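> For reference, the sequence and a predicted model appear below.
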Amino acid sequence: MSAPTFGPGVAEGSVRIFDTTLRDGEQAPGAGLTVAEKIQVARQLVRLKVDVIEAGFPAASPGDFEAVRRIAEESKGVSVAALARCRDGDPQRAVEAIRVSERPHLHVFIATSDIHLKHKLKMSRDQALAEAVRWVRYGREQLGRDAEVEFSAEDASRTDPDYLLAVYAAVVEAGASTLNIPDTVGYAIPAEFGSLVARVKALVGDEAVVSVHCHNDLGLATANTLAAVQAGARQVEVTINGLGERAGNASLEEVVMALRTRPTQFPTLTSHVQTEQITPASRLVSLLTGFSIQPNKAVVGANAFAHESGIHQDGVIKNPLTYEIMTPQSVGLSGSQLTIGKLSGRKGLQKKLRDLGYHIDGPELDLVYREAIALADRKKEVTDADLIAIAEQQVAEVHQAVGLVDWEVTSAHGGDSRGHVTLTVEGAERYGSSRGNGPVDALYGAVDAAIEPVLAWRPALMSYEIRAISGGEDAQGQVVVRCRRSLDAAPDSETVSGQGLSTNIVEASLDAYLVATNKLRAIELGESGAVIPPPRRGEELP
Ligand code: KIV
Ligand code: ZN
């Protein structure tokens with residue numbers, strides 16, 4: 001293989017995993033993350049060993065710019081990409097945000113299908129081509145020959161192929177080192193998409209890496225991505241849990257595990273992903289976005305390795321290969337269950353957490369340890385699932401504008417519930433009470449009554465979900481809520497998630513509401529109030 005003129009290229013035998021959870025994934029309606037949360041996800045992506053983290057769209061908001069810049073600054077051993085439209089202002093912001101990265105990756109895009117050109121951009125084909133060339137050249141000049149400059153032809157799968165090839169040829173000439181072929185609206189069918197990829201590959205040879213970015217509107221995102229790899233694509237754009245616009249993007253865990261599980265279909269091709277980190281990554285993204293994972297979701301769903309029917313159970317007991325094409329351990333699910341008791345040590349807990357894919361030390365470990373020991377006092381058995389839930393809970397830390405001092409609720413059959421809370425709101429103690437339709441509603445009303453006079457808004461609850469962690473009567477309940485600020489509850493206003501964990505589900509509900517309230521306050525303060533914890537010790541380098 002001859003070396004490409006520009007960019008780092010992709011090593012022979014590798015498929016580059018470009019994770020866009022923090023950009024396209026975050027575009028899923030209601031999946032907004034704070035800067036601190038994006039940094040937490042980026043750290044997990046580094047552990048997962050993806051090749052590229054698309055950290056955001058810096059021109060979209062100051063918060064996105066800050067998140068991309070912070071991720072570019074601290075993430076080592078990985079490329080950090082930023083998205084930009086081919087329009088004055090965007091690429092400049094993107095370059096500014098990623099310049100500090102060890103491996104900057106600029107991603108510029110413009111739509112090329114007639115339907116987008118005519119109705120959205122109101123541009124001719126020639127104009128779009130000229131803009132594409134202009135901003136690819138700009139990126140190359142700014143970042144130098146070794147950096148990655150990627151060009152995406154938005155809606156490529158509905159673009160006239162001859163025009164599409166002319167655009168790709170022109171941007172390669174201008175310095176693009178990766179050509180991305182987005183199936184923006186999930187319209188393509190695998191064989192057809194594979195042929196398109198093969199045509200682009202034949203055009204550019206080794207001059208540029210061919211990449212694909214598939215949406216899941218027809219449920220074909222993973223299939224199209226794999227067909228593209230078979231046709232010569234060497235970068236795949238994917239997200240954790242398939243999160244993304246509308247029906248989402250191709251899911252990282254499906255694509256990576258297909259490459260690993262079916263090597264004969266992808267001869268000599270591998271990804272560098274640490275697949276044991278898939279489950280922690282999936283859980284983290286679900287927890288922080290508040291998007292739960294459907295139980296039958298491939299690879300990461302709760303039932304992905306569960307066997308219900310007697311015939312299947314019998315087969316798996318005799319030999320797991322009868323009904324399991326990959327092991328639960330290979331995606332980070334541990335086989336063991338019983339873990340910690342009251343006499344367990346801090347070191348043992350840390351090792352256990354590491355085995356489960358959670359790298360925690362310092363004050364965070366102290367917190368998890370205290371919580372786990374306290375739980376062991378209340379609960380017969382503390383299981384892996386309990387420990388994971390406690391560890392995950394620690395990542396949801398934000399600026400404490402509102403703190404809980406005390407709460408009480410009364411609730412009776414057929415009667416009203418009445419909730420009382422004492423909170424600290426921006427340092428001052430405040431009391432609130434409210435009637436409600438059940439204890440959770442009453443407490444949420446009480447919180448609103450206490451905070452509204454100070455903050456001038458209250459959270460608008462968009463969704464509420466309760467998950468039981470492990471089984472049994474004394475199981476912990478994890479509550480995940482999604483909220484917006486009441487004043488700007490327009491459909492596109494920022495939605496945040498809040499998480500609470502307790503053996504008392506009313507308390508878990510209250511905690512989740514307060515976490516969401518604090519995030520909304522941090523966003524209101526322009527994120528400057530959001531606590532972004534420093535990288536965990538020993539994790540600056542992968
Ligand atoms: O779906 C799409 O076309 C995109 C591009 C910006 C790559 O997300
Ligand atoms: Zn997309």
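Good, I have the coordinates. Ligands and ions are numbered 1, 2, ... in the order given.
> so how far is stretch 356-375 off the chain centroid?
Centroid separation for stretch 356-375 versus its chain: 23 Å, with CA atoms, centre = their mean, to the nearest Å.
> Can you give me the buried ones in that stretch?
Neighbour counts over stretch 356-375 (16 or more other CB atoms under 10 Å) mark 356-361, 364-365, 367-369, 371-373, 375 as buried. Yep, even glycine has a C-beta here, placed from its N, CA and C like the rest.
> What parts of the chain come near ligand 1?
Counting by CB under 6 Å from any ligand atom, the residues of the chain close to ligand 1 are 24, 83, 109, 152, 154, 180, 182, 184, 213, 215.
> could you say which helix or strand contains the second one?
Going back to what we said before, that points to L83. strand 79-85 (DSSP states H and E).
> partners of the helix or strand where L404 lies in the sheet?
L404 belongs to strand 402-411 when assigned by DSSP H and E. Paired neighbours of strand 402-411 in the sheet (DSSP bridges): strand 417-425 (antiparallel).
> quick check: mean pLDDT across the strand it pairs with?
Averaged across strand 417-425, the pLDDT comes to 96.
> Run a quick neighbour tally on D88.
Applying other CB atoms under 10 Å, we find 11 residues neighbouring D88.
> Check the secondary structure at it for me.
coil (DSSP: H, G, I helix; E, B strand; the rest coil).
> Can you mark which positions in the strand holding L404 are buried?
402, 404, 407, 409, 411.
> Quick check: the first one touching T517?
Just to be clear, that refers to V402. Yes: counting by CB atoms under 8 Å, T517 is a contact partner of V402 at 5.2 Å.
> Now do the shared contacts for the two.
447, 451 (CB atoms under 8 Å, 6 or more residues apart in numbering).
> Is Q235 bridged to anything, and to what?
Note on Q235: beta-bridge partners R16, S211, judged by DSSP bridges.
> what's the spacing between the closest residue to L48 other than its chain neighbours and S157?
Excluding its sequence neighbours, the residue lying closest to L48 (CB to CB, 6 or more residues apart in numbering) is Q277, at 4.3 Å. According to CB to CB, to the nearest Å, Q277 and S157 sit 31 Å apart.
> Also S497?
Relative to S157, and taking CB to CB, S497 is found at 33 Å.
> and what of P267?
26 Å.
> Neighbour count: those two, which is higher?
Legend: neighbour count by other CB under 10 Å for P267 and S157, higher for S157 (24 against 8).
> Surely that one touches T184?
Yes: taking contacts as CB under 8 Å, S157 lies within contact range of T184: 7.3 Å.
> mind listing what's buried in the strand holding L83?
79-85.
> Low-confidence regions, the stretch 1-150 of the chain specifically.
For the stretch 1-150 of the chain, residues meeting the criterion pLDDT under 70 lie at 1-3.
> Strands along that one, start to end?
16-19, 52-56, 79-85, 104-111, 148-154 (DSSP state E, counting those that start in this stretch).
> ok, which stretches of the stretch 151-300 of the chain are strands?
Under DSSP E, counting those that start in this stretch, the stretch 151-300 of the chain gives strands at 178-183, 209-214, 235-238.
> Tabulate these (a markdown table), appending mean neighbour count and mean pLDDT.
Below are the strands of the stretch 151-300 of the chain laid out as a markdown table (neighbours: other CB atoms under 10 Å; pLDDT from 0 to 100):
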| stretch | mean neighbour count | mean pLDDT |
| --- | --- | --- |
| strand 178-183 | 28 | 98 |
| strand 209-214 | 28 | 98 |
| strand 235-238 | 28 | 98 |
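> could I get these as JSON lines with distance to K297?
Formatted as JSON lines, the strands of the stretch 151-300 of the chain follow (distance: least, CB to CB, whole Å):
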{"stretch": "strand 178-183", "distance to K297": "21"}
{"stretch": "strand 209-214", "distance to K297": "17"}
{"stretch": "strand 235-238", "distance to K297": "14"}
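> Just the buried positions in stretch 450-465, please.
For stretch 450-465, the buried set under the neighbour-count rule, 16+ other CB under 10 Å, comprises 450-451, 455, 457-462, 464.
> what residue ranges in the stretch 351-500 of the chain score low on pLDDT?
In the stretch 351-500 of the chain (pLDDT under 70), the answer is 394-399, 471, 487-493.
> next one: stretch 462-477 to chain centre, how far?
That offset, for stretch 462-477, works out to 22 Å (CA atoms, centre = their mean).
> just the CA coordinates of it, formatted as CSV?
Extracted in CSV, the C-alpha atoms of stretch 462-477 (Å, rounded to 0.1, in the frame of the first residue of the first chain):
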residue,chain,number,x,y,z
MET,A,462,-40.1,15.1,30.6
SER,A,463,-39.6,11.5,31.6
TYR,A,464,-39.2,9.3,34.7
GLU,A,465,-37.9,5.8,34.7
ILE,A,466,-37.2,3.4,37.5
ARG,A,467,-34.9,0.4,37.1
ALA,A,468,-34.4,-2.3,39.7
ILE,A,469,-30.7,-3.1,40.2
SER,A,470,-30.3,-6.8,40.9
GLY,A,471,-33.2,-8.8,42.2
GLY,A,472,-34.8,-9.3,45.6
GLU,A,473,-37.0,-7.4,48.0
ASP,A,474,-34.1,-5.3,49.2
ALA,A,475,-32.9,-4.4,45.6
GLN,A,476,-31.6,-0.9,45.0
GLY,A,477,-33.8,1.3,42.7
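> Tell me the buried residues in it?
Those would be 462, 464, 467, 469-470, 475-477, for stretch 462-477 by 16+ other CB under 10 Å.
> what's the closest of those to ligand 1?
Distance to ligand 1, by CB to the nearest ligand atom, is smallest for M462 among these, at 24.4 Å.
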